[in-house]
Structures are given as C-alpha cells and as structure tokens.
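S.K.: what follows is a protein structure lacking sequence information:
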C-alpha cells in the first residue's frame, strides 16, 4: 500500500512540474490511463469542540521534580495556588561521630541548620513570604511508593505545635536575598534560606553515635520535614538544593600522654537527593469556583494552568471528517478513490503571549511545550514513560508567525494530526464504527538526545512549573480552532 502511495504521489509531483497551468484537480491526468484518476483536495475541518476541564479520571501528576515549588500566589484570573514540600534526607549510613574522651572532652552536636537554595521565583519577587518547617511525626515516605501532587499531608504530619522544629520562621523577599552561598556549578553566589533548628531537633542528632541504615533512620530518627508557608500570597520559590548541616565538635590529644586536648569543629551534611523521596504538594482551594468562571468563556477561550490545575479538552468528530473526505473522493463510476492524507495541521492559537501587567497571573508564561494526547491514554503514557506517537499523542512547541502587517506576531501550537486522521479514514473504509476522539492538552518538559543524523525526543515529563496558557476556542465565531488538511485520492486497480 505504501509503495502504491509513493508511486502515485511521485507521478503527481512530476506532472505538476511540467504542467503548471493545469488546474490542481486535473494535474497529472496525462500520466494516467482512462480508468485511473488522482484528486488533490484542500479543506478546513471544523466542528471541533473544546472546553476547559478540571482533571482527568485516574490521572494525577506523579512526582518527578527537578526543582521544588514552595509558596503561595493569589491571582485575579485563577485565584490561589499553594505549594509545599514533604522531604526525607539521605542518611550517611555507617558514619560514626568521634568517640568521647571523657565527660569533659565529649563529642557534641552544637547546632543543626536547614539550608535551601532557590534559583528563581514566580510572581512578585519584592513581596515577603514567610517559610516555616515542621517535622513529619506520623509516617515517612516509601522509597518505592507512587506519590502525586495532591497527597494528604495529614497522613504524615499531625499538625501539633510541638512539631515546629525551627528556632524562628524565615521571612523571604525573593528579589532581595539576605543570605547566599557560592555554587561551583554556576561559579557564582545563589540565594539561600537558612533555618537554625531548635534544641529538640539538635538533641535528636546528639543521641546518634553511629548512623543506622536509611530505612531505620527514616522510621526511627527522622521521618522527614514538611516545609510550607504561613504568610504571603504573592510569591512562589523554585527551590533547588535542600540539605541539613549538622555542626559538631570533638577533641583529640595533641600528643600521646600529653593530657593536652585540641577542640575540632566539623560539619556533616545530609541531603534531600534522589536517594530519598520528596513530594511537592499543590493545592487549589478555590478551583471549583475558578473552573466554573473559565467554562463560561468556552465559546471564545480555553485555559491550561499548570501544575495540575486545569486542562483543555478537544473533541474531534472524526466520523464526520472521514465522511466529508471520502464523499469528495467518489468517482463517476460510484467507487471511492484510495485516500491519503498529505498534510493535516491543527493550529491552536495562544492569546496571552507578551501581555504586560503587574498582576501575578500575567507573570505566568504560556507553556513552551504542549502535549496533545488521547484522554484514555493519558495516565498510562506518563506512568510507563512513553514517547510521543503520531497515532495517539502529539507534541508541539510554542511558535511565532508574523502577521499581515509585518510588524506583529501571532503565537500558536501546531499539531500534526495527519497520521491520526489517515488511520481513522482507513478504519472507516474497513466499515469500523468511528467515535469522537477526545484529547487533552498537557504542559510538558521535553528532553532531547542527539545522534550524528538527528535530534530526537528522549523523555517527556509533566511540566511542574507554573504556566498559564489562554487558547482560542474551537467554538469561537471568528478564526476558531480547526484543522487545515490537504489530502489526495487515487485508483490503484491497474498498478502492479
């Protein structure tokens, strides 16, 4: 079948080169016999339905964060998003503190500090944010567990005042950090939030002589920390490295039998890294109200807000499309030409690029990469770490095109639906029932790998940064969301 298709399209291309004055409907006719025919058609397929939806059944964001979002932001358009973090710390298994020489010269943990760096922030960097830390006192996280962005924090933390483990909360003004540390990776200083832990927490580490296994450490010593915010509603921080610094001192005899002892100050670090678990938790306390307001606009606008807030669903009437295309390929003899989809692009216009405002909803940019995937495949796609396939999920990057005035630009995602449409056409010709295809737009983060011949997508992950994308609806009266398709039909009965 593919050989026949390539042959016919090759004949068509040759005929177009030698007969440019011919009408497209009869192009290449000189190369065909009386019982052969090739048609090329251009159509706009409309009647798509799009809507803003809350969530997808059986799908929630699983945790694969490269950085952690901590803070709270209130916006006029999509109300409140709040993010906090549950994290464990890697135990230095088998590490022993130096032995006590005597009661007078004993090894002692003097203090413990929690340090968090942040690389950037969302919304108002000059607005104060109060960050606090609690100890998880109910249960720890399982290393092999599957956690989502909507975990119930009460399963891990009792909420008791005694679990507050810092000497004082920290007031952070993101754009004006009051502390920083040097980063060898960036060869510069990066902002850091530093907490001194209270004496109760320090005593926990003073009781350790030798660090146990990671499992025992998590279960018996430190289940983890719950990091959240208690004031401020205009900033969310993108937090990178999180670590506990355990400051201690010990003594050693300067010379054997001298009775002179030297004090040595030292530090041991415990990291929140990939050896242990972190769960970034998002909550949207007013989402039901916001979603109802957004859905009032669906005749003109749709919305996608990440992480895990709202999505846009697109329903395509493929049975109608197949009938439209096949009806146009019926010959005078009453048979139907063999269909081939040369090109089919669904352009989804993005309307909130380059908007400037002091309100924080405008500081959230549209998603750079968007996945359009069949709704019934969404959960398994991310659970099984799959890559895009033109048969059921399509990837598009936010692109710009210059307008007719040659001065302004329009922004859009272009999804190539040609394979999907081609498959539905042939299902129709095989007399299979076609159902409307419902697909969901999801912001994603894309990783690429390069070979000597090409650059290919190597990994797709949920975008866990704050993005805010306004789309032109399929129901819009002017310039709605639709599909521009170029297709052809041809006879194959005399090809050998």
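M.R.: Received the coordinates, thanks. Worth saying up front: this structure is predicted, and the values here are computed from it rather than measured.
S.K.: rest of the way, CA atoms for contacts and neighbours
M.R.: OK.
S.K.: you'd agree residue 321 is up against residue 44?
M.R.: No: assessed by Cα atoms under 8 Å, residue 321 is found out of contact with residue 44, at 9.9 Å.
S.K.: what about those two, which has more around it?
M.R.: For residue 321 versus residue 44, neighbours defined as other Cα atoms under 10 Å are more numerous around residue 321 (18 against 14).
S.K.: ok so the more buried one is a helix residue?
M.R.: Yes: counting by DSSP: H, G, I helix; E, B strand; the rest coil, one finds residue 321 located in a helix.
S.K.: excluding sequence neighbours, find me the nearest residue to it.
M.R.: Closest residue in space to residue 321, ignoring its immediate chain neighbours: residue 45 at 6.8 Å, by Cα to Cα, 6 or more residues apart in numbering.
S.K.: so what's the residue count around the one you found?
M.R.: Around residue 45 there are 20 other residues, counting by other Cα under 10 Å.
S.K.: I'd say it and residue 486 touch.
M.R.: No: using Cα under 8 Å, residue 45 is not in contact with residue 486; the gap is 10.5 Å.
S.K.: now do residue 342 against residue 132, distance only.
M.R.: 58 Å (Cα to Cα, to the nearest Å).
S.K.: which other helices and strands contact the helix or strand harbouring residue 449?
M.R.: According to DSSP states H and E, residue 449 maps onto strand 437-450. Applying 3 or more Cα pairs under 8 Å, 6 or more residues apart in numbering; DSSP states H and E, one finds that strand 437-450 contacts strand 301-306, strand 311-316, strand 369-374, strand 455-462.
S.K.: longest single strand anywhere in this structure?
M.R.: strand 234-253 (DSSP state E).
S.K.: hmm, who's touching the very next helix or strand once past it?
M.R.: Going down the chain from strand 234-253, the next helix or strand is strand 261-271, by DSSP H and E. Contacts with strand 261-271, where a contact means Cα atoms under 8 Å, 6 or more residues apart in numbering, come from 89-92, 105, 241-254.
S.K.: filter those to the buried ones?
M.R.: By the neighbour-count criterion of 16 or more other Cα atoms under 10 Å, these include these buried positions: 89-92, 105, 242-252.
S.K.: from those, pick the one nearest residue 332.
M.R.: residue 242 (72.8 Å; Cα to Cα).
S.K.: pLDDT weak spots in the stretch 1-150 of the chain?
M.R.: Along the stretch 1-150 of the chain, segments meeting pLDDT under 70 span 1-34, 57-58, 63-65.
S.K.: direction included, what does the longest strand of the chain pair up with?
M.R.: strand 68-75 (antiparallel), strand 108-123 (antiparallel), strand 261-271 (antiparallel) (DSSP bridges).
S.K.: what about it, distance to the chain center?
M.R.: 29 Å (Cα atoms, centre = their mean, to the nearest Å).
S.K.: same thing with stretch 312-321?
M.R.: Distance of stretch 312-321 from its chain centroid, counting by Cα atoms, centre = their mean, is 25 Å.
S.K.: ends of it, what's the gap?
M.R.: End-to-end distance of stretch 312-321: 21 Å, with Cα to Cα as the criterion.
S.K.: buried ones in the strand holding residue 449?
M.R.: Buried-residue list, strand 437-450, by 16+ other Cα under 10 Å: 437-446.
S.K.: and if you look at stretch 372-380?
M.R.: 372-376, 378-379.
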